[in-house]
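Colleague: Can you look at this prediction? I've put the sequence above it.
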Amino acid sequence: MTTLSSDSQSSAPKAFVIGWPIEQSKSPIIHGHWLAKFSLAGSYEKIAVEPDALGHFIKEMKDKGFAGGNVTIPHKQAVLAFADVIHPSAERLQAANTLWVEGGKLHADNTDGYGFLANLDQMQPGWDSKKGSHAMILGAGGAARPIINGLIDHGFSSVTLANRTKEKAEALVSLFSDLGYGDHLQCIDWDERSEKLSDIDLLVNSSSLGMIGQPALELSLNALPSSALVTDIVYNPLETDLLRAARLRGNCVVNGLGMLLHQAVPGFEHWFGKRPAVTEALREEVLKHL
């Protein structure tokens, strides 16, 4: 059973990230940087919470005065059962990564889609100027869901999914079809991924392929328009083979570190009352710990 170490009498805001395991989380680095930047009295800690202890943790969180926190694997779906207010993105995705207490109620939202889009906005301003754009997403895991949701909300006319296991991509299409977005999505066979790039405006790798310790992402970019933006949610290495290949052929590229940083912004504002900026100093701080 998890026990929170905190002083219930302290007036300084406290926040957390929970998961099982949790050692790999970079969230304390991000929020610690912002707390120091604003010279705020407050704390942010990572706490290992076993799946069967989640309900007890949420009860303790309220009792001990935590302002909220982040939620990572494997709790993103299960935590919704304990929320009083579920915001639209979390409702659609059936997963939350950000919790906060407001008016005595526990709010849950999903900021991953926001983080994905904000990263592109910052690193490639005007990337979304074309109307009716087409995107291809490689991978159909948990990271793909908020990206799809964000792109549809952002006005993309179509999103093509390619996953090594096509059934998983089809299940994701079915999920969004049930939400009324079926006209925007299609899935293709993994073997078709290279040849279907000819009308793509945004190429996204949402899989772990290309990450250090994972298999390489094999993809020919020959058919991809030179005007297409290429982004990878992998940030270790910072420049993946996909991004390097795209950059060398003249495509604009955006690495995945910014998505991690930007998704943290709304939570910090909820807990500590200041809206932070994603700066080069923050990027350098996080890169030291990769």
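Modeller: Now that the structure is in, tell me what you want to look at.
Colleague: Endpoint to endpoint, stretch 237-250 covers what distance?
Modeller: Length of stretch 237-250, first residue to last, C-alpha to C-alpha, to the nearest Å: 20 Å.
Colleague: Show me the strands in the chain, by range?
Modeller: Secondary structure of the chain (DSSP state E): strands located at 14-19, 43-48, 68-71, 85-86, 98-102, 105-109, 134-138, 158-162, 185-188, 202-205, 229-232, 252-254.
Colleague: could those strands be laid out in a markdown table, adding mean neighbour count, mean pLDDT and distance to Gly267?
Modeller: For glycine as for every other residue, the C-beta is placed from the backbone atoms N, C-alpha and C. What follows is the strands of the chain, written out as a markdown table (neighbours: other C-beta atoms under 10 Å; pLDDT from 0 to 100; distance: least, C-beta to C-beta, whole Å):
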| stretch | mean neighbour count | mean pLDDT | distance to Gly267 |
| --- | --- | --- | --- |
| strand 14-19 | 24 | 98 | 7 |
| strand 43-48 | 19 | 97 | 10 |
| strand 68-71 | 25 | 98 | 6 |
| strand 85-86 | 16 | 98 | 15 |
| strand 98-102 | 20 | 97 | 4 |
| strand 105-109 | 19 | 97 | 9 |
| strand 134-138 | 23 | 98 | 25 |
| strand 158-162 | 23 | 97 | 26 |
| strand 185-188 | 18 | 96 | 28 |
| strand 202-205 | 25 | 98 | 23 |
| strand 229-232 | 25 | 98 | 22 |
| strand 252-254 | 20 | 98 | 22 |
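Colleague: out of those strands, which comes closest to Asn119?
Modeller: Judged by C-beta to C-beta, the one of the strands of the chain that comes nearest to Asn119 is strand 252-254, at 6.2 Å.
Colleague: ok, that closest one: who's next to it in the sheet?
Modeller: strand 229-232 (parallel) (DSSP bridges).
Colleague: I'd like to check what contacts the partner strand. Which residues are they?
Modeller: Residues outside strand 229-232 that contact it (C-beta atoms under 8 Å, 6 or more residues apart in numbering) are 119-120, 124, 127, 201-205, 210, 221, 224, 240, 242-243, 246, 251-256.
Colleague: Tell me how far stretch 214-226 lies from the chain's centre.
Modeller: Relative to the chain's own centre, stretch 214-226 is displaced by 22 Å; criterion: C-alpha atoms, centre = their mean, to the nearest Å.
Colleague: Span of it from start to end?
Modeller: One end of stretch 214-226 to the other measures 28 Å (C-alpha to C-alpha).
Colleague: Any buried residues in that stretch, and which?
Modeller: The neighbour-count check on stretch 214-226 (16 or more other C-beta atoms under 10 Å) flags 217, 219, 221, 224 as buried.
Colleague: Widest-spaced pair of those?
Modeller: The two members of the buried residues of stretch 214-226 with the most space between them (C-beta to C-beta) are Leu217 and Leu224, at 13.7 Å.
Colleague: From Gly256, how far off is the most centrally placed residue in the chain?
Modeller: In the chain, the residue lying closest to the centroid (C-alpha atoms, centre = their mean) is Asp112, at 3.1 Å. Applying C-beta to C-beta, to the nearest Å, the value for Asp112 to Gly256 is 12 Å.
Colleague: quick one: buried residues of stretch 113-121?
Modeller: For stretch 113-121, the buried set under the neighbour-count rule, 16+ other C-beta under 10 Å, comprises 113-120.
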